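**Student:** Next comes the sequence, and after it the predicted model I'd like to discuss.
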Amino acid sequence: KAGVTQTPRYLIKTRGQQVTLSCSPISGHRSVSWYQQTPGQGLQFLFEYFSETQRNKGNFPGRFSGRQFSNSRSEMNVSTLELGDSALYLCASSLGGGYQETQYFGPGTRLLVL
Amino acid sequence: TQLLEQSPQFLSIQEGENLTVYCNSSSVFSSLQWYRQEPGEGPVLLVTVVTGGEVKKLKRLTFQFGDARKDSSLHITAAQPGDTGLYLCAGARSNDYKLSFGAGTTVTVRA
């Protein structure tokens, strides 16, 4: 079974630009979550989707948005990039997102904002 | 501020020694998960504990969930260089659909 895949793996952008990151979950998984990982803040929850519906959202500005498609693939978008958005963005998938379920993480997309 | 406090932040030990990582919170969680993350990769789940007082053993790793489901510990016996990595604890609540992570403990095991 293929794992969670994220594209692209690396990205360099400049301030003010926007970026779209993609996540393909494990086949059969309907819950997709996104996390931002930085050295200073660690892993911070961005949002979670299940069957194309956002069920929870973290404490991030509105510049961060996401969506999920009918095949469970998910994208997140960051508009008007700031230097502080430089981070590793991780996607995780699970069957239904329940608290006992195993979350499978992808390798992440490393975003550098110059 | 992190909902889960992990200690210590860094740990460097010699091969064969034991180590313990702590994860504490003032909040109750429905489950507590431990992950290990290596450079360039996403976190990989080691264990999930859901019952207060629960103890789980995986080879040389022992995980404990506090009675009140607010804290947890990870103990590694006879550490090996392959145990090197970033250890993360994460708490989850039912119907919350998110993980709250601790800041992580960087463990280095010297050969």
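**Tutor:** Nice, thanks for sending it over.
**Student:** Just the closest residue of chain A to chain B, please.
**Tutor:** A:Phe105 (3.1 Å; Cβ to the nearest Cβ). In this view, the C-beta of every residue, glycine as well, is placed from N, C-alpha and C.
**Student:** what about that residue, neighbour count?
**Tutor:** 22 (other Cβ atoms under 10 Å in any protein chain shown).
**Student:** Contacts only, for it.
**Tutor:** A:Val4, A:Leu90, A:Cys91, A:Ala92, B:Tyr35, B:Gly42, B:Pro43, B:Val44 (Cβ atoms under 8 Å, 6 or more residues apart in numbering or on different chains).
**Student:** In chain B, which residue sits nearest chain A?
**Tutor:** Counting by Cβ to the nearest Cβ, chain B gets nearest to chain A through B:Gly42 (3.1 Å).
**Student:** pretty sure that residue is in contact with A:Pro107, am I right?
**Tutor:** Yes - between B:Gly42 and A:Pro107 there is a contact at 5.3 Å, judged by Cβ atoms under 8 Å.
**Student:** More neighbours: which of these two?
**Tutor:** B:Gly42 (22 against 16).
**Student:** and the gap between the residue nearest to that one when sequence neighbours are not counted and B:Leu46?
**Tutor:** Excluding the flanking residues, the one nearest B:Gly42 by Cβ to Cβ, 6 or more residues apart in numbering or on different chains is A:Phe105, at 3.1 Å. Between A:Phe105 and B:Leu46 the computed distance is 13 Å (Cβ to Cβ, to the nearest Å).
**Student:** Need the residues touching each of those two.
**Tutor:** B:Tyr35.
**Student:** Stretch B:90-108: how far from the chain's middle?
**Tutor:** Counting by Cα atoms, centre = their mean, to the nearest Å, stretch B:90-108 is centred 9 Å from the centre of its parent chain.
**Student:** Then stretch A:16-31?
**Tutor:** With Cα atoms, centre = their mean, you get 6 Å for stretch A:16-31.
**Student:** What of stretch A:23-38?
**Tutor:** Worked out by Cα atoms, centre = their mean, stretch A:23-38 lies 6 Å from the chain centre.
**Student:** for stretch A:94-113, same thing?
**Tutor:** 8 Å.
**Student:** One more: stretch B:47-61?
**Tutor:** The answer for stretch B:47-61 is 10 Å, by Cα atoms, centre = their mean.
**Student:** how long is that stretch end to end?
**Tutor:** Start-to-end span of stretch B:47-61 (Cα to Cα, to the nearest Å) is 10 Å.
**Student:** Report the buried residues of it.
**Tutor:** Neighbour-count burial for stretch B:47-61, counted by 16 or more other Cβ atoms under 10 Å in any protein chain shown, picks out B:Val47, B:Thr48, B:Val49, B:Glu54, B:Leu61.
**Student:** In this structure the third one contacts B:Asp67, no?
**Tutor:** Put plainly, it is B:Val49. No - counting by Cβ under 8 Å, B:Val49 stays clear of B:Asp67, with 11.9 Å between them.
**Student:** can you list residues touching both of the two?
**Tutor:** What both B:Val49 and B:Asp67 touch, as defined by Cβ under 8 Å, 6+ apart, is an empty set.
**Student:** Now do the strands in the chain.
**Tutor:** No chain specified, so I'll use chain A. For chain A, the strands defined by DSSP state E cover A:5-7, A:10-13, A:19-24, A:31-38, A:42-50, A:53-57, A:64-68, A:74-78, A:87-94, A:104-105, A:109-113.
**Student:** um, chain B though
**Tutor:** Using DSSP E, the strands assigned to chain B run over residues B:5-7, B:10-14, B:19-24, B:31-37, B:44-49, B:55-58, B:61-65, B:71-76, B:85-92, B:100-101, B:105-110.
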